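Enquirer: Would you be able to build a 3D model of this:
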Amino acid sequence: MVFNKIFGGGNKDRGWQGPKTVKALFEKELLFVAEQPQDNKLDPKTIGDKKLYFFPIDHDYPGGSAAMHNAVFRNFGLNKQAAFVVGDPANVGTIFDVLKADPLYDGGGAGSGFKDKVAPHLDRLDQSAEAIGSVNVISRENGDLVGYNTDGIGFVLGLLHEYPNCIEGKKILILGAGGTALPIAYEMSQRNPSEIVISNRTVAKAEKIADLISPFTKARAVGEDAIGAEMDGVGVIVNTSNKGAQPNEKFSAFAPMTGDVEGDMAISLANVARLPKDAIVADILLEPLTTTMKLAQDNGNRTHSGRFMNLFQAVPAFKIMNKMKDEDLQGIMSSVNT
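Expert: Next comes the predicted model:
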């Protein structure tokens, strides 16, 4: 999809007032319904009286939150619908001005490209999102849009569900420093690791995360050229980047992504060969087997799918958005989180 319509202040200065409703966001091509997520059958032309829960993302990928939320809506007979929508993060201000103004929008979340950009356009942040500076859950409360973050706790709960006691005393290597890296790093820092190392192409972004979590654990930042050396003694590797899945499925998180497919893969394979056999490689991406996870499995390592995080963050997120306390939410959501 090409986003060639940027509706900013200049248009308003010329008398253009911009879209006023959720439906108009689709008509003006500021949003598109994502095609890949399961149970994402929103038809913008038929938007009516249903309360809407949107998950804006910057590219189409098979996210699972909408399907899980819609399963609960159906189970309880609620006149609500969730959907992933694709948009350009450069338009985040216009998009959320409209969402706030239209009472049909009742909250949702923020996905790839939006998590670390949406906060300034909300009315206020919960302590979790304010401390982390990233938002993945949005709730309408007394007319205000309030941001929360359940990514970090969702990831940690999912990881410990599959591999109990895998964080305490272990060296953690986090690959990437985008909107999900900080909440994950923060929550892992609360579980007494021996140290957390954040690797990123732009080292300054990784340093910012390391500085924020350093009061809780030993933390440092390195560039992507140091990934191989950081395999020494690592217990858990967490890929928070978009390497290894579409549109970057020819690359892995074990090496820089320069565009040289063969060269980058050669570095990935060399780095994976240095990975301790007892290390766990976790991915936040939702594809069943990302390139990063496949390389780890081929090396004999245990892996952890992003689908665990997707489920374990979705339950508290749903309770925040819908003010529900039903304890069977995880069972309902698990039935569609495959």
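Enquirer: What's the separation between residue 129 and residue 137?
Expert: Applying Cβ to Cβ, to the nearest Å, the value for residue 129 to residue 137 is 8 Å. Where you see a C-beta, it was placed from the backbone N, CA and C, and this is true even at glycine.
Enquirer: Next: residue 38.
Expert: Separation of residue 38 from residue 137 (Cβ to Cβ) stands at 20 Å.
Enquirer: Centroid-nearest residue for this protein?
Expert: With distances taken as Cα atoms, centre = their mean, residue 111 lies nearest the centre of the chain, 4.9 Å away.
Enquirer: so that residue sits in a strand?
Expert: No. Residue 111: not assigned to a strand; according to DSSP: H, G, I helix; E, B strand; the rest coil it is coil.
Enquirer: what about the strands in the protein?
Expert: 32-33, 51-57, 80-86, 105-109, 124-125, 137-141, 144-148, 171-175, 195-199, 219-222, 234-239, 280-283, 302-304 (DSSP state E).
Enquirer: give me the number of residues near the closest residue to the residue nearest to the centre of the chain other than its chain neighbours?
Expert: Counting by Cβ to Cβ, 6 or more residues apart in numbering, residue 57 is the residue found nearest to residue 111 once chain neighbours are left out, at 3.8 Å. Using other Cβ atoms under 10 Å, residue 57 is surrounded by 23 other residues.
Enquirer: wait, doesn't residue 57 sit right on residue 112?
Expert: Yes. If you go by Cβ atoms under 8 Å, residue 57 and residue 112 touch, sitting 4.9 Å apart.
Enquirer: so residue 36 touches residue 61, yeah?
Expert: Yes. At 5.8 Å, residue 36 counts as touching residue 61 under the criterion of Cβ under 8 Å.
Enquirer: what touches both of these two?
Expert: Common contacts of residue 36 and residue 61 (Cβ atoms under 8 Å, 6 or more residues apart in numbering): none found.
Enquirer: Between those two, which has more neighbouring residues?
Expert: Neighbour count, other Cβ under 10 Å: between residue 36 and residue 61, residue 61 has more, with 21 against 15.
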